[in-house]
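In: sequence unavailable; structure follows:
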């Protein structure tokens, strides 16, 4: 047996229909709002584009900006209607589902009306800018002439005040003054560049005006670069010298100093290929570095281990200054202050003589060492007599005497004889006494045999 259940869906249906209608109404409200927003966006774009032209340009830069903006807007004016497509399509969809009100029709129509007003406003702006161009054209011509005149005047001032004739150049004060001049010149050239850029932007509007000549400014830049290159080298050398000047004389790294001086000298020669070689600052720098280079062999000569106090006395007598070469204050800077590089030839000769004298000194020391270690070959005079000894052989002694005598004779012929005269004469007497004593001993022994 079959049974049936009857379900009443009326209330459910009503609820679903009510919900659907509510959703439709909500979507239509959103569509209305979308249409209004899109139309408002188009109209607002018109006012936004025109707003910057509300104030008349007060200077050339503002004029150039407004002319550029106007040209862009007028070039794109035919593309503006394309922006109307979206709000019109949204309006068409809306009209399918609801009755469009008169105010909504007027809102849509306002796009075309406002577009016509927008085009008229652009034409009005163009006419207004054309009337203002005459004033700014005169200003631009004046700016061009002022730019060229100021560039020539600054070039003349630059040539007179540039730190190219500073002497001496290698000082902290000179480097500081030069850096201040360079900073000021760079700032002035940056201003010239800014003025030229402003003028060129104006020439985009006034194409009939000729571009100002920038030859003077370009020459200024080239001249400034040459000045900067020169003073970079000066400061580099000063920094190196500052690191070394207070170093104790015996601890100076001559190899490093020499290689650094050679590197700086190459830069000096390179920059001297231009007009810089006529500058007093370049000449001063070249002289200072050359003097510094002359110090290198001088330092080597003065650090010769063969140099003794007597040699330093000769150097002091030559240069007319007294100093202590072994003190902590005897630094590179002290050597420069004493002007010892001016006596480099004399010091070199003195150092060479010291080396040769050292050879004489070593020879005399060898003689002394030889007699300190020589042994007498002795034995018992007779069997059973342990208290009496005799020389068994004197050959080694006579050989040493003969060699030393010849050596001393050669040293007496040396130009350094006077330096070691007392020692040489003393050894001659000593060796003579030794020879006589050995011969006498041998005679006595022979007589007693």
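Out: All right, it came through fine. Because the structure is predicted, anything quoted here is derived from the model rather than measured.
In: next secondary structure after the helix or strand hosting residue 15?
Out: Assigned by DSSP states H and E, residue 15 belongs to helix 10-50. For helix 10-50, the succeeding helix or strand toward the C-terminus, using DSSP H and E, is helix 60-75.
In: where does the prediction get shaky in the stretch 51-200 of the chain?
Out: Within the stretch 51-200 of the chain, the ranges that satisfy pLDDT under 70 run 94, 99-100, 102.
In: ok, residue 293 to residue 196 distance?
Out: Distance, residue 293 to residue 196, using C-beta to C-beta, to the nearest Å: 45 Å. Quick note: C-beta positions are derived from backbone N, CA and C, even for glycine.
In: related to what we said a few turns ago, helix 60-75 and the helix holding residue 15, what's the angle between them?
Out: If you take axes from the mean of the first three to the mean of the last three C-alpha atoms, to 10 degrees, helix 10-50 sits at 130 degrees to helix 60-75.
In: elements contacting helix 10-50?
Out: Judged by 3 or more C-beta pairs under 8 Å, 6 or more residues apart in numbering; DSSP states H and E, the packing partners of helix 10-50 are helix 85-97, helix 102-161.
In: okay if I get the ones you listed as TSV plus mean neighbour count and distance to residue 74?
Out: TSV is the format used below for the helices and strands packed on helix 10-50 (neighbours: other C-beta atoms under 10 Å; distance: least, C-beta to C-beta, whole Å):
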stretch	mean neighbour count	distance to residue 74
helix 85-97	14	21
helix 102-161	14	6
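In: now those helices in TSV, with distance to residue 412?
Out: Formatted as TSV, these follow (distance: least, C-beta to C-beta, whole Å):
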stretch	distance to residue 412
helix 85-97	121
helix 102-161	70
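In: out of those, which gets nearest to residue 176?
Out: helix 102-161 (15.3 Å; C-beta to C-beta).
In: shouldn't residue 246 be within a helix?
Out: No: Residue 246 is assigned coil when assessed by DSSP: H, G, I helix; E, B strand; the rest coil, not a helix.
In: that one and residue 80: what is the separation?
Out: Computed as C-beta to C-beta, the residue 246 to residue 80 distance reads 78 Å.
In: between these two, which is the more surrounded one?
Out: The neighbour comparison of residue 246 against residue 80 (other C-beta atoms under 10 Å) goes to residue 80, with 17 against 11.
In: the more buried one reaches residue 115, doesn't it?
Out: Yes: applying C-beta atoms under 8 Å, one finds residue 80 in contact with residue 115, separated by 6.3 Å.
In: taking helix 85-97 as reference, get the angle to the helix holding residue 15.
Out: Using the same axes, to 10 degrees, helix 10-50 lies at 150 degrees relative to helix 85-97.
In: let's number from 603 now, not from 1
Out: Sure, I'll start counting at 603 from here, so that last one is helix 612-652.
In: okay, the angle between helix 612-652 and helix 704-763?
Out: Here the directions of helix 612-652 and helix 704-763 differ by 40 degrees (the same axes, to 10 degrees).
In: output the contacting helices and strands for the one helix or strand residue 818 maps to.
Out: Using DSSP H and E, residue 818 sits within helix 817-846. If contacts are counted by 3+ C-beta pairs under 8 Å, 6+ apart, helix 817-846 sits against helix 704-763, helix 774-805, helix 856-873, helix 882-904.
In: tell me how far it lies from the chain's centre.
Out: Chain-centre distance of helix 817-846: 10 Å, with C-alpha atoms, centre = their mean, to the nearest Å.
In: cool, stretch 657-673 as well?
Out: The answer for stretch 657-673 is 43 Å, by C-alpha atoms, centre = their mean.
In: tell me the buried residues in that stretch?
Out: Buried positions in stretch 657-673, judged by neighbour count with 16 or more other C-beta atoms under 10 Å: 659, 662, 665-666, 668-669, 672.
In: in those residues, find the pair that's most separated.
Out: Farthest pair in those, by C-beta to C-beta: 662 and 672, 15.5 Å.
In: coming back round to it: which parts of the helix holding residue 818 are buried?
Out: Neighbour counts using 16+ other C-beta under 10 Å place 818-819, 822-823, 825-826, 828-829, 832-833, 835-837, 839-840, 842-843, 846 of helix 817-846 among the buried residues.
In: any idea how far the strand or helix carrying residue 936 is from the middle of the chain?
Out: For residue 936, the host element (DSSP H and E) is helix 934-940. Centre-to-centre, helix 934-940 and its host chain are 28 Å apart (C-alpha atoms, centre = their mean).
In: now it: buried residues?
Out: 934, 936-938, 940.
In: ok, then the element right after it?
Out: helix 946-975.
In: tell me the helices and strands packed up against that next one.
Out: helix 882-904, helix 911-921, helix 997-1014, helix 1023-1050.
In: how does it look with 7 Å?
Out: With contacts taken as 3 or more C-beta pairs under 7 Å, 6 or more residues apart in numbering; DSSP states H and E, helix 946-975 sits against helix 882-904, helix 911-921, helix 997-1014.
In: quick one, which of those is packed in tightest?
Out: With neighbours defined as mean count of other C-beta atoms under 10 Å, the helices and strands packed on helix 946-975 peak in mean count at helix 882-904, which reaches a mean of 19.
In: quick one, that one and helix 774-805 angle?
Out: Going by the same axes, to 10 degrees, helix 882-904 makes 140 degrees with helix 774-805.
In: what mean pLDDT would you report for the helix holding residue 936?
Out: For helix 934-940, mean pLDDT is 84.
In: mean pLDDT and distance to residue 776 added to the helices and strands packed on helix 946-975, as TSV?
Out: Formatted as TSV, the helices and strands packed on helix 946-975 follow (pLDDT from 0 to 100; distance: least, C-beta to C-beta, whole Å):
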stretch	mean pLDDT	distance to residue 776
helix 882-904	87	8
helix 911-921	88	27
helix 997-1014	87	55
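In: as JSON lines, the ones you listed with distance to residue 975 would be great.
Out: Below are the helices and strands packed on helix 946-975 laid out as JSON lines (distance: least, C-beta to C-beta, whole Å):
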{"stretch": "helix 882-904", "distance to residue 975": "35"}
{"stretch": "helix 911-921", "distance to residue 975": "29"}
{"stretch": "helix 997-1014", "distance to residue 975": "10"}
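In: to residue 723, which of these lies closest?
Out: helix 882-904 (63.5 Å).
In: residue 627: neighbouring residues, count only.
Out: Counted by other C-beta under 10 Å, the residues lying close to residue 627 total 12.
In: state the distance from it to residue 1024.
Out: In terms of C-beta to C-beta, residue 627 sits 133 Å off from residue 1024.
In: wait, doesn't residue 819 sit right on residue 794?
Out: Yes: between residue 819 and residue 794 a contact is recorded at 5.0 Å, counting by C-beta atoms under 7 Å.
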